[in-house]
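Peer 1: The sequence isn't on hand, but the structure is:
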């Protein structure tokens, strides 16, 4: 399996996610600088967390226009899976790969803490390693994670089963008190129509190592590696 | 501009003529208290700075200690007090930026930030605004740069109403054989400017920070710099990328006094001259004069000396990161700084005399008066009521509202998050970790500077010990009032003496630091605050401790002697409403003995739950352990020879609380006895409440609500 992590100026979780991927894949992903215009053959593209271009405009808005993004979008349209975490989610939305928008947190403050997520789908590339209805503990760290989408869009997400994760209580109740940023319908992560693009605000790479106090992020990387290695092993049709 | 009449005379004598306005500006910042340490230098020289593991002590951008495997930790703490009071968001943000640069200048990747904050009384009209601005400024800068902010302190006292303290600390990790220093070398080598462009912000920031405040303080806002953490992140990556090769001869960040002090220091340390062409300096404003260019404190800039002929290689790295790169001068053998601007020489100064003949003062000092004795406290207190009030008091309340605004996990190595005795970050890719803390108890320093100085060091040492780390070194940040007042100078000298005594006794050398005087408004100084930042090493992360009670039925063993000392305690202040009394005595031999005993228990894998006893004493410590782990505790009655309030809330030093299986407690007590360490069982873990004999239990939920509730409610009340 081959993966690439796109590095934007101001990315700061690129190393963290690369290491989580490397541990799951058994080899390091390629690190691709945003000024590149071409990508090698790939099974997965990761847009990492951080503050691309300082988030000085709207989070992700500048990075969505980096030279490499034309190729990322083309590959995504061609079916290459994309994982966007935090700032990577914001970039994916700004690049039109995912619907909606990420607004400033309802508190208007940056928030860094562990949250609980209810896994809404376990039949995707990204979540097959979780138990149906599982509640997992993963950290968030963001200032603009308040996912917004209009009523029609929300209806479509719900109806098409494209909400991958929702903020929940440790017992799995989707409650306002469990929502760290005020997102609609407690949305923490969504899929595109094909189910091959996932954007999420929480950082699974930050709790994928027992030394750091938890491993609930690990199944996400293991799911991807299992699915994409299988896909690669299959002869092209 | 800040030069005294005598200093003006000295400047004229060095030049053999009167300095022109550009040169005068340079003298003023170079000889400012902030840059020259003219009032503190003779006292700083008394501090211990050496140990076998010290690689680089004071004098460089940051201190360096060996952590094994060919690696070093690089540490520095610095104040940004004056700018943070004037403009809290930018003042605090640029404080973080500056300290990060001090560390990566040495070739280290920054791995952790900490900050120690002292605010005025909560009911002072500016306090809430200052807390909000400072915290947002620290958070936005560190979060964007992608260095975790893992710890620190935040307390409140009316003595800080007119001058807050914002002390920022950064720790980095480097290869021991890949360190970079600031001494220029190689006549003819190019002097290179990289980073952001130069603007008019922060001009005379260093002189501003070398004077007390008055009623026109607000007008000083233009002297505060503006931070750009995105550029800082690029600068870190670009510098570390270039540092992987050998093109850099010397490097220095442009901090206080900007291009002036960086160029001066590099040339002075190398014993060389330097010629600068100010027309080559990248500017973001038009029409800047030579003195503005030289004194600008625009942020995110570095000065480097490169090997001649390596300019293009370096230029490519900075172009990749979209950063400015300009050759602005050359090293010479003249021993002089020569500045050219718009075709003319605008300043010519001898370098060595400005440094060697810089003013030094042995300022008069008045020994501080002994503290008033602690009056008799009202007896028969309600212990649980007092505990609830202390847990909800501003100083002891949980600071979660603050540290949840800081990304404390980025970089994927935060093993112990904020809220414990010390934060722990793993050394990347290894099984060892760095323990990090900042400590000082200003009310002790005010009551008895020598004892307060000792206590600050001892508490930092204890906090590192309590997580199982071997304490390695200190970076200090000494915050005081106007040193031209004998009373303030007496506090400073006393604190430095105590600090040195403790550092010596605990083998805990001072490897870097900073002095901030003039934290004073209208003759009213802050409490003396010799803040201690410290680093320790945990050789094996499988052998460390945290404060959380995790197992019911464990014995709680108190290590260290309790005499029930309540002078200058939080109990006296919060419950009995008096700040009187001497602070607790610090017996450095007992500190060493008890700490070494506890550290061995943790290193031996025999104890994984440990907490240092500090402000608030035994009962507050038990409550903190219980709340962190979600398991309560049943406490034994106080010994008969002590007043109950002294037992429960006394702040006697050199104490720890450990929890372990009850069948293992007798062995531990016997060992402690043999080692001359006082130890006794004071209770056991279990249940969902804290139970003190003779009092109603206080539920964990209620104490947590009191403890966690104060700061968010306080901040929300101002919205």
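Peer 2: Right, received. Where do you want to start? Quantities reported herein were computed from a predicted structural model and do not represent experimental measurements.
Peer 1: List the buried residues of the longest helix seen in chain A.
Peer 2: Longest helix in chain A, counting residues (DSSP state H): helix A:218-233. Along helix A:218-233, these residues count as buried under the neighbour rule (16 or more other C-beta atoms under 10 Å in any protein chain shown): A:218-228. All C-beta spots, glycine's among them, are computed from the backbone N, C-alpha and C.
Peer 1: Now do stretch A:63-82: distance to the chain's middle.
Peer 2: Distance of stretch A:63-82 from its chain centroid, counting by C-alpha atoms, centre = their mean, to the nearest Å, is 15 Å.
Peer 1: what residues does it touch?
Peer 2: Here stretch A:63-82 makes contact (C-beta atoms under 8 Å, 6 or more residues apart in numbering or on different chains) with A:6, A:8, A:32-39, A:42-47, A:52-53, A:87, A:91-92, A:94-97, A:125, A:192, A:194, A:196-198, A:224, A:228.
Peer 1: will you turn the buried residues of helix A:218-233 into CSV that also has distance to residue B:358?
Peer 2: Shown next, in CSV, are the buried residues of helix A:218-233 (distance: C-beta to C-beta, whole Å):
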residue, distance to residue B:358
A:218, 58
A:219, 62
A:220, 59
A:221, 57
A:222, 62
A:223, 64
A:224, 61
A:225, 62
A:226, 67
A:227, 67
A:228, 64
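Peer 1: which of these are close to chain B?
Peer 2: Cross-checking those against chain B (C-beta under 8 Å from any C-beta of the partner chain) gives no overlapping residues.
Peer 1: Out of those residues, which is nearest to residue A:164?
Peer 2: Distance to residue A:164 across the buried residues of helix A:218-233 (C-beta to C-beta) is lowest for residue A:220, with 9.7 Å.
Peer 1: show me what contacts that closest one?
Peer 2: Neighbours of residue A:220 in contact, by C-beta under 8 Å, 6+ apart: A:126-127, A:129-130, A:204.
Peer 1: Burial check on the residue lying closest to residue B:507 once chain neighbours are set aside, number of neighbours?
Peer 2: Leaving aside its sequence neighbours, residue B:507 sits nearest to residue B:51 (C-beta to C-beta, 6 or more residues apart in numbering or on different chains; 6.1 Å). Residue B:51 sits with 16 neighbouring residues when counted by other C-beta atoms under 10 Å in any protein chain shown.
Peer 1: Residue B:51 against residue B:473, yeah?
Peer 2: Yes - look at residue B:51 against residue B:473 with C-beta atoms under 8 Å: they come within range, at 7.4 Å.
Peer 1: Residues that sit against both of the two, list them.
Peer 2: With C-beta under 8 Å, 6+ apart as the test, residue B:51 and residue B:473 both reach residue B:509.
Peer 1: mind checking the SS state of residue 22?
Peer 2: I went with chain A, as the question did not name one. When classified by DSSP: H, G, I helix; E, B strand; the rest coil, residue A:22 comes out as helix.
Peer 1: think we crossed wires, I meant chain B
Peer 2: Going by three-state DSSP: residue B:22 is helix.
Peer 1: residues in contact with it?
Peer 2: B:289-291, B:294, B:339, B:346-347.
Peer 1: Pipe the contacts of residue A:220 into JSON lines and attach pLDDT per row.
Peer 2: Below are those laid out as JSON lines (pLDDT from 0 to 100):
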{"residue": "A:126", "pLDDT": "97"}
{"residue": "A:127", "pLDDT": "97"}
{"residue": "A:129", "pLDDT": "96"}
{"residue": "A:130", "pLDDT": "97"}
{"residue": "A:204", "pLDDT": "98"}
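Peer 1: quick revisit: which one of the buried residues of helix A:218-233 is nearest residue B:586?
Peer 2: For the buried residues of helix A:218-233, the nearest to residue B:586 is residue A:218 (46.3 Å; C-beta to C-beta).
Peer 1: Surely that closest one and residue A:210 touch.
Peer 2: No - contact criterion C-beta under 8 Å: residue A:218 and residue A:210 do not qualify, at 9.2 Å.
Peer 1: contacting residues around the residue nearest to residue B:637 when sequence neighbours are not counted?
Peer 2: Closest residue to residue B:637 apart from its sequence neighbours, by C-beta to C-beta, 6+ apart: residue B:693 at 4.5 Å. Residue B:693 sits next to B:635-637 when contact means C-beta under 8 Å, 6+ apart.
Peer 1: any idea whether residue B:693 is helix, strand or coil?
Peer 2: Under three-state DSSP, residue B:693 comes out as coil.
Peer 1: Can you check the pLDDT for it?
Peer 2: Among the per-residue scores, residue B:693 shows a pLDDT of 93.
Peer 1: and the stretch of helix or strand residue B:572 belongs to, what other elements does it pack with?
Peer 2: Residue B:572 belongs to helix B:570-574 when assigned by DSSP states H and E. Judged by 3 or more C-beta pairs under 8 Å, 6 or more residues apart in numbering or on different chains; DSSP states H and E, helix B:570-574 is in contact with helix B:383-391, helix B:644-649.
Peer 1: Pull the distance from the longest helix of chain A to the chain's centre.
Peer 2: On C-alpha atoms, centre = their mean, the centre of helix A:218-233 falls 15 Å from the chain's centre.
Peer 1: what about it, average pLDDT?
Peer 2: 90.
Peer 1: Check stretch B:257-271 too.
Peer 2: Here the average pLDDT along stretch B:257-271 is 91.
Peer 1: With stretch A:5-24 instead?
Peer 2: Here the average pLDDT along stretch A:5-24 is 97.
Peer 1: cool, and stretch A:73-83?
Peer 2: Mean predicted lDDT for stretch A:73-83 stands at 97.
Peer 1: ok now that stretch, how far from the chain's centre?
Peer 2: 14 Å.
Peer 1: Check stretch B:226-235 too.
Peer 2: Worked out by C-alpha atoms, centre = their mean, stretch B:226-235 lies 21 Å from the chain centre.
Peer 1: List the contacts of it.
Peer 2: A:9-10, A:12, A:51, A:53-54, A:56, B:90, B:93-94, B:96-97, B:100-101, B:104, B:137, B:140-146, B:194-196, B:201, B:298-300, B:302, B:321-323.
Peer 1: rewinding a little: tell me which entries of the contacts of stretch A:63-82 lie within helices.
Peer 2: Using DSSP H, the contacts of stretch A:63-82 in helices are A:87, A:91-92, A:94, A:224, A:228.
Peer 1: from those residues, which two are the most distant?
Peer 2: Among the ones in helices among the contacts of stretch A:63-82, A:94 and A:228 lie farthest apart (C-beta to C-beta), at 25.3 Å.
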